[in-house]
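> The following block contains a protein sequence and its predicted model.
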Amino acid sequence: MIKKIAVVAFGGNALLRDNEIGTIKQQEKHAYDTLTHLLKLLEDDFSIVITHGNGPQVGNIMLRNDAGYNEFKIPKMPLDICVADSQGGIGYMIERQMKNILNENKIKKNVVTFVTQVVVDIDDPAFKEPTKPIGAFYLKEESELLSKSNPNLVFKEDPGKRGWRRVVPSPKPIDIINKEAIKDLTKKDNIVIAVGGGGVPVYRDNNKNLQGVEAVIDKDLASALLAREIGADAFYIITDVPKVYVNFKKPDQKGLDKITVAEAEKYYEEGEFAAGSMGPKILAAIDFVKNGGKETIITESTQLAIPNCGTRIVLK
């Protein structure tokens, strides 16, 4: 019997809290705590694919990149390699914690991590207008010096006035490499970890060969694409709130239980969901359902044991 498939996209808070420096012990604890709630999906007879963000981790890798070059002239690695590094490290951490949880609950399952390449269009308009901030904060003068030394680097001031950060393109994901292998492993009831940090960004050159590119892919959009490609029944977006709200943090704040794609699109167009937080999650939720998915659930991991938890987005 083929089981149902759920793709579960972890937000950044699944591994790291804003008030923490991000030691490996802190990240392991949060990964463990979040993963324990996935047992409910296993009880409900789902096979699971886990995806995850990598923002703080890839930022730290880039800092090490810069420090190694400045101090010891160790060659800098391009952004696609840094994303791959973060996928391997985070995937290993999630895989190990998941195996420990399965062992403690006497559940026999394989857990496998895919360093996943995600194809983008090299002619995507995003490459002409970089918007995704990555890496460290700099003084304006420092950013100007870096730009002069490398014209390919683009910096923009942080909206919170914390300094200037490098910005890179965030193109739309169009294909998942090894999607058939991921689907096959999942249908055989293995737990798969894939598309970490939105996937390693690659494009096909004139010879159809894969080439890495300096970009960062939105994790939720890549996860939605993977969910579509492997025929997932449900797409869970795990965040730091129990459900989606309109009039968020206002006196008339209202939680949404079950809404249609049309309602979600209406709220999005009215500006209810911020571009830097809930906005991309709503777009990913809509994308999955409009392209054949049954439902997207946006919620906090602790809510998974509750029937009909979170905000559920359906076609009609």
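It's in. Residues are numbered from 1 along each chain as shown.
> ok, and the closest non-adjacent residue to Asp287?
Spatial nearest neighbour of Asp287, chain neighbours left out: Ala224 (4.6 Å); criterion: C-beta to C-beta, 6 or more residues apart in numbering. In short, each C-beta sits where N, CA and C put it, glycine included.
> hang on, that neighbour in a strand?
No: assigned with DSSP: H, G, I helix; E, B strand; the rest coil, Ala224 falls outside any strand and is helix.
> What count of nearby residues applies to it?
32 (other C-beta atoms under 10 Å).
> With the one 3 residues further on instead?
Other residues within reach of Ala227 by the criterion other C-beta under 10 Å amount to 29.
> Just give the nearest non-adjacent residue to it, would you?
Once flanking residues are discounted, Ala227 sits nearest to Val7: 3.9 Å by C-beta to C-beta, 6+ apart.
> Let me know how buried the one you found is, in neighbour terms.
The number of residues packed near Val7 is 31, by other C-beta under 10 Å.
> ok now the helix or strand containing it, how far from the chain's centre?
According to DSSP states H and E, Val7 maps onto strand 4-10. Centre-to-centre, strand 4-10 and its host chain are 12 Å apart (C-alpha atoms, centre = their mean, to the nearest Å).
> need the contact list for Leu79.
62, 134, 168, 201, 214-216 (C-beta atoms under 8 Å, 6 or more residues apart in numbering).
> List the backbone torsions phi and psi for it.
Dihedral pair for Leu79: phi -60, psi -40, per degrees, to the nearest 10.
> how close does it get to Val200?
9 Å (C-beta to C-beta, to the nearest Å).
> Need the distance between the two termini of stretch 252-260.
With C-alpha to C-alpha, to the nearest Å as the measure, stretch 252-260 spans 21 Å from end to end.
> Would you map the helices across the stretch 101-250 of the chain?
Counting by DSSP state H, counting those that start in this stretch, the segments of the stretch 101-250 of the chain that form helices are 140-149, 179-187, 219-229.
> ok, so what distance separates the closest residue to Val119 other than its chain neighbours from Asn54?
Excluding the flanking residues, the one nearest Val119 by C-beta to C-beta, 6+ apart is Asp175, at 3.9 Å. Counting by C-beta to C-beta, the gap from Asp175 to Asn54 is 20 Å.
> Ok, Val83 next?
On the measure of C-beta to C-beta, Val83 and Asn54 end up 7 Å apart.
> So for those two, which sits in the more crowded spot?
Val83 (29 against 24).
> List the residues that contact that one.
By C-beta under 8 Å, 6+ apart, the contact set of Val83 is 54, 58, 196-201, 216.
> out of these, who's nearest Lys40?
Minimum distance to Lys40 across the contacts of Val83 is 22.9 Å, recorded for Gly196 (C-beta to C-beta).
> ok, how many other residues are close to the closest one?
With other C-beta under 10 Å as criterion, Gly196 counts 30.
> what ranges do the strands span in the stretch 151-300 of the chain?
With strands called from DSSP state E, counting those that start in this stretch, the stretch 151-300 of the chain shows them at 155-157, 164-168, 173-176, 191-193, 200-204, 210-212, 234-239, 245-246, 254-255, 258-260, 295-300.
> okay, how far is it across stretch 66-85, tip to tip?
So stretch 66-85: terminal residues 15 Å apart, C-alpha to C-alpha.
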